[in-house]
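A.B. asks: Sharing a sequence plus its predicted fold:
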Amino acid sequence: MKSNKKMSEIIVLIRGAGEMASGVAHRLYQSHFKICMTEVPHPLAVRREVSFCEAVYDGSKEVEGVRAKLISQPEEIETIWERGDIPILIDPEAESTRNYLKPDVLIDAIIAKKNLGTRIKDAPLVIGLGPGFIAGKDVHIVIETNRGHHLGKMFLKGEAEPDTGIPGEVGGYTIERLLRTAKKGIFDPQRTIGDKVTKGSVVAVVDDYPVIAEVSGIVRGLLRKGVEAKKGMKVGDIDPRGKKEHCFTISEKARAIGGGVLEAILYWYNR
């Protein structure tokens, strides 16, 4: 599908602004696309230092030299673009933003493991990240998000690998590197992102019930203080590799997914 627009004029709307969505947005921003993102009123990012959704709470968020700015209405989008930033709006369904922007590309990057309302007719090119989408039915293209041989692969037919419920291996660990709550309550971190911890350390408490590290390493991700956590909810992430810079830079997984999205856009518009 050829477009009369220059590549730098192609408008990309991204649903979600968590870790993976932010990795995609960063790569597309660096490739000079016009990016806009939407979020829910209270996003729950664990890897907050590399998630643009933190702008919802703080007004702006910078990730590896790229800044996202929270705005209240779509009419402000162009002004933010002129400043060289990425606009973010609180628009859970992305409907008002989509109607205003009329994007060339819509990316569902919520990573909900299911489709929360994205339709193939939402834009000339609709891309879905991970399981929950069928290429050719719900979206035009699906990008694999599961760590492994096919991470970042573009699917023109079919769907991504199903959710296994087991996180990808990092430093030899999978489930053990995640921090989960044992009960429902208010989340209160006792450490901060970038802190070193040892196995058995109390990293946070939920209504005074401890959340304990099962491996030694660096606290790579942690929910915000005061969040109401559900029982069994992922509230943090320990990186056993122990490199502090990993806490503040985009992961190889997010970069690979971003590369898959970039490939999909170029495939679609350079045909």
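C.D. replies: Noted; the coordinates are in hand. This is a predicted model, so every value here is computed, not measured.
A.B. asks: rest of the way, CA atoms for contacts and neighbours
C.D. replies: Will do.
A.B. asks: This protein: helices as residue ranges?
C.D. replies: 19-30, 55-58, 77-82, 95-101, 252-269 (DSSP state H).
A.B. asks: V261 contacts A25, doesn't it?
C.D. replies: No. At 9.6 Å, V261 does not count as touching A25 under the criterion of C-alpha atoms under 8 Å.
A.B. asks: When the two are compared, which one has more neighbours?
C.D. replies: With neighbours defined as other C-alpha atoms under 10 Å, V261 and A25 compare such that A25 has more, 32 against 27.
A.B. asks: so what's that one up against?
C.D. replies: Residues in contact with A25 (C-alpha atoms under 8 Å, 6 or more residues apart in numbering) are 14, 35, 258.
A.B. asks: And for D163, the neighbour number?
C.D. replies: With other C-alpha under 10 Å as criterion, D163 counts 14.
A.B. asks: check contacts around it.
C.D. replies: By C-alpha under 8 Å, 6+ apart, the contact list for D163 reads 113, 131, 146.
A.B. asks: quick one on the thing from earlier: of the contacts of A25 - the most surrounded one?
C.D. replies: I14 (26 neighbours).
A.B. asks: Just list whatever residues bridge to it.
C.D. replies: M37, I107 (DSSP bridges).
A.B. asks: any idea of the pLDDT on the closest residue to K234 other than its chain neighbours?
C.D. replies: Distances taken as C-alpha to C-alpha, 6 or more residues apart in numbering put R180 closest to K234, at 4.5 Å, once the chain neighbours are dropped. We have a pLDDT of 94 for R180.
A.B. asks: same deal with N4?
C.D. replies: 70.
A.B. asks: same deal with I166?
C.D. replies: You'll see I166 listed with a pLDDT of 69.
A.B. asks: picking up where we left off before, of the contacts of D163, which is the most crowded?
C.D. replies: Among these, N146 has the most neighbours (other C-alpha under 10 Å), with 23 neighbours.
A.B. asks: Surely it is in contact with I111?
C.D. replies: No. Using C-alpha under 8 Å, N146 is not in contact with I111; the gap is 10.9 Å.
A.B. asks: shared neighbours of these two, anything?
C.D. replies: Contacts common to N146 and I111, judged by C-alpha under 8 Å, 6+ apart, are G130.
A.B. asks: For L179, see how far away V66 is.
C.D. replies: 28 Å (C-alpha to C-alpha, to the nearest Å).
A.B. asks: Can you pick out the residue with more neighbours from these two?
C.D. replies: The neighbour comparison of V66 against L179 (other C-alpha under 10 Å) goes to L179, with 25 against 15.
A.B. asks: low-scoring pLDDT stretches of the stretch 1-150 of the chain, where are they?
C.D. replies: Along the stretch 1-150 of the chain, segments meeting pLDDT under 70 span 1-3.
A.B. asks: let's see it at 80
C.D. replies: Low-confidence segments of the stretch 1-150 of the chain, defined by pLDDT under 80: 1-5.
A.B. asks: before we move on, what about the stretch 151-271 of the chain?
C.D. replies: Where the stretch 151-271 of the chain drops to pLDDT under 80, the residues are 163-171, 173-174.
A.B. asks: can you give me the strands in it?
C.D. replies: 154-155, 178-180, 185-189, 196-197, 202-206, 209-212, 217-222, 228-229, 234-239 (DSSP state E, counting those that start in this stretch).
A.B. asks: and those strands, which is most packed in?
C.D. replies: Most buried of those, by mean neighbour count (mean count of other C-alpha atoms under 10 Å): strand 217-222, with a mean of 26.
A.B. asks: Listing partners with orientation, what would you give for that strand?
C.D. replies: Partners of strand 217-222 in the sheet, by DSSP bridges, are strand 196-197 (antiparallel), strand 234-239 (antiparallel).
A.B. asks: Kind regards, and thank you for your time.
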